[in-house]
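**Student:** Turn this into a structure:
(one chain, ligands or ions: 2)
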Amino acid sequence: MTTQASTPTSPTPLTLALSKGRIFEETLPLLKSAGIEVNEDPEKSRKLILGTSRPDVRIIIVRASDVPTYVEYGAADMGIAGKDVLVEHAAAHPGALYQPIDLNIARCKLCVATRKDFDYEAAVKQGARLRVATKYVSAAREHFASKGVYVDLIKLYGSMELAPLIGLADAIVDLVSTGNTLKANDLVAVEDIMPISSRLIVNRAALKLRREGIEPIMEAFERASLATMA
Ligand SMILES: Nc1ncnc2c1ncn2[C@@H]1O[C@H](COP(=O)(O)OP(=O)(O)OP(=O)(O)O)[C@@H](O)[C@H]1O
Ligand SMILES: O=P(O)(O)OC[C@H]1O[C@H](OP(=O)(O)OP(=O)(O)O)[C@H](O)[C@@H]1O
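**Tutor:** Residues are numbered from 1 along each chain as shown. Ligands and ions are numbered 1, 2, ... in the order given. So this is what the prediction gives:
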């Protein structure tokens with residue numbers, strides 16, 4: 001039997017996909033609890049791959065709605081994404097991602113909202129066909145189907161609040177946190193669809209092949225998110 005000479009290898013660092021802004025900011029304390037400090041601030045640097053205090057862990061910065069894609073295809077081992085984003089991704093890629101932990105960060109609600117002068121209840125009772133503008137087409141379709149309300153869904157990528165104001169739609173489906181954006185645009189929330197928070201997602205193959213690297217991070221994140229809930 002021949003013995004193989006051992007060659008020094010540096011495996012690809014564990015890769016965590018995050019979006020800039022609130023998810024990045026709210027993930028920093030979780031990373032800290034796992035002994036990980038990010039070396040650069042994505043708001044100041046144009047770099048998309050950020051090193052950390054641990055040579056075996058790196059962060060990639062991607063659009064919030066792209067996080068599931070990077071993780072599904074294994075370009076990132078893990079990621080953090082809002083339930084809003086995960087519901088839309090799952091509609092096209094059911095079961096593609098392992099979602100072990102609700103991190104309870106970036107919390108808000110997915111709601112139906114209309115102009116103040118639009119009688120949503122009456123329109124629904126009358127069986128009117130509603131025009132609804134949203135970025136969250138799958139969640140909206142599921143919601144209105146479960147209520148038996150006929151809708152024409154108009155896909156938008158942002159600034160949903162504008163749609164009812166200029167006659168593009170009767171209603172929107174959007175995220176609401178403080179309610180300030182609705183208020184500033186004279187809109188009201190007329191129905192809650194689901195509570196939203198961000199979850200850790202893990203590539204299914206990475207979970208098996210890199211378990212010893214991923215598990216301690218998962219455990220630290222879970223402990224830290226439970227501690228903030230208490
Ligand atoms: N006002 C809010 N308060 C709390 N959490 C929010 C709020 N708005 C969005 N979120 C959550 O934070 C996540 C990231 O939001 P962010 O605004 O950073 O990205 P985005 O602009 O929605 O995504 P993309 O860049 O892909 O269009 C959302 O998917 C959602 O889960
Ligand atoms: O109830 P509020 O506290 O006002 O938050 C709600 C707003 O937050 C999100 O937008 P965001 O601030 O992320 O900007 P975006 O449109 O660039 O995603 C969402 O799309 C709403 O517009």
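**Student:** From here on, just use CA atoms for contacts and neighbour counts.
**Tutor:** Fine.
**Student:** Could you check how many residues crowd around the residue in the chain that ligand 1 sits nearest to?
**Tutor:** Distances from the chain to ligand 1, computed as C-alpha to the nearest ligand atom, single out residue 82 as the nearest residue at 3.4 Å. By the other C-alpha atoms under 10 Å criterion, the neighbourhood of residue 82 contains 24 residues.
**Student:** try residue 156
**Tutor:** Residue neighbour count, defined by other C-alpha under 10 Å, stands at 14 for residue 156.
**Student:** Find me the pLDDT at the nearest residue to it once chain neighbours are set aside, would you?
**Tutor:** Using C-alpha to C-alpha, 6 or more residues apart in numbering and skipping the chain neighbours, the partner closest in space to residue 156 is residue 135 (5.0 Å). pLDDT, the model's per-residue confidence, is 98 for residue 135.
**Student:** Where is the longest helix in the protein?
**Tutor:** Assignment by DSSP state H gives helix 211-229 as the longest helix of the chain.
**Student:** Relative to residue 143, how far out is residue 137?
**Tutor:** Distance from residue 137 to residue 143, counting by C-alpha to C-alpha, to the nearest Å: 10 Å.
**Student:** buried set for stretch 187-200?
**Tutor:** Of the residues in stretch 187-200, 187, 188, 189, 190, 193, 196, 197, 198, 199, 200 count as buried by neighbour count, 16 or more other C-alpha atoms under 10 Å.
**Student:** Now pLDDT too, for the residues you listed, in JSON lines please.
**Tutor:** As requested, the buried residues of stretch 187-200 are arranged in JSON lines below (pLDDT from 0 to 100):
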{"residue": "187", "pLDDT": "98"}
{"residue": "188", "pLDDT": "98"}
{"residue": "189", "pLDDT": "98"}
{"residue": "190", "pLDDT": "98"}
{"residue": "193", "pLDDT": "98"}
{"residue": "196", "pLDDT": "98"}
{"residue": "197", "pLDDT": "98"}
{"residue": "198", "pLDDT": "98"}
{"residue": "199", "pLDDT": "98"}
{"residue": "200", "pLDDT": "98"}
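**Student:** if you look at those, which of them are in strands?
**Tutor:** When DSSP state E is applied, the buried residues of stretch 187-200 are split such that 187, 188, 189, 190, 193, 196, 197, 198, 199, 200 fall in strands.
**Student:** Surely residue 191 and residue 109 touch.
**Tutor:** No - Residue 191 is beyond contact range of residue 109, at 10.1 Å (criterion: C-alpha atoms under 8 Å).
**Student:** Pull up the residues of the protein that are close to ligand 1.
**Tutor:** For the chain, the contact set with ligand 1 under C-alpha under 6 Å from any ligand atom comprises 21-23, 63-65, 82-85, 106-108, 175-177, 197-198.
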